[in-house]
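This is a predicted model, with the sequence first.
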Amino acid sequence: MEILKTIITIIFVIDCIALSAIILLQEGKSAGLGTISGAADSYWGQNKGRSMEGALVKSTKFLAMLFIVLAVVLNLSVFN
């Protein structure tokens, strides 16, 4: 059981580092305030899911869910 806890802890640390890096790579939401009225009609507004920013958002959601699941698993009384 101790080996499993060590493996999950290593995955948790890697997840924390990756999540921090991906969050820092994202643009701020205030970056596009100058084009509030026309942002939805632009090419980047329509294809946001296929752009690099869309991939970063999806990766952030996945890593955040993994972070929460691993944090809960590591705090179970099974490992204590």
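Nice, I can see it. What you see is a predicted model, and the numbers here were worked out from it, not measured in a lab. Numbering: from 1, shown residues only.

So, low pLDDT: which residues of the chain?
30-49, 80 (pLDDT under 70).

at 80 instead, please
27-50, 77, 79-80 (pLDDT under 80).

wait, what's in contact with the spatially most central residue of it?
The residue lying closest to the centre of the chain (C-alpha atoms, centre = their mean) is residue 60, at 1.5 Å. Residue 60 is in contact with 19, 22, 23, 26, counting by C-beta atoms under 8 Å, 6 or more residues apart in numbering. Bear in mind the C-beta positions are built from the backbone N, C-alpha and C, glycine included.

Starting from residue 18, give me the distance back to the last one.
By that I understand residue 26. Between residue 26 and residue 18 the distance is 13 Å, computed by C-beta to C-beta, to the nearest Å.

Then residue 29?
Residue 29 is 21 Å from residue 18, by C-beta to C-beta.

which one of those two has more residues nearby?
Applying other C-beta atoms under 10 Å to residue 29 and residue 18 shows that residue 18 carries more neighbours, namely 16 against 7.

The closest residue to residue 27 other than its chain neighbours: neighbour count?
Nearest non-adjacent residue to residue 27, counting by C-beta to C-beta, 6 or more residues apart in numbering: residue 53, 6.4 Å away. Here the number of neighbours of residue 53 (other C-beta under 10 Å) works out to 14.

show me where the protein has helices.
Here the chain has its helices, by DSSP state H, at 2-25, 43-46, 52-74.

what inclination does the last one have with respect to helix 2-25?
This points to helix 52-74. 150 degrees (axes from the mean of the first three to the mean of the last three C-alpha atoms, to 10 degrees).

Distance check, the residue lying closest to residue 79 once chain neighbours are set aside against residue 66.
In this structure, residue 79 finds its nearest non-sequential neighbour in residue 5, 4.7 Å apart by C-beta to C-beta, 6+ apart. Separation of residue 5 from residue 66 (C-beta to C-beta) stands at 17 Å.

Right, I'll leave it there.
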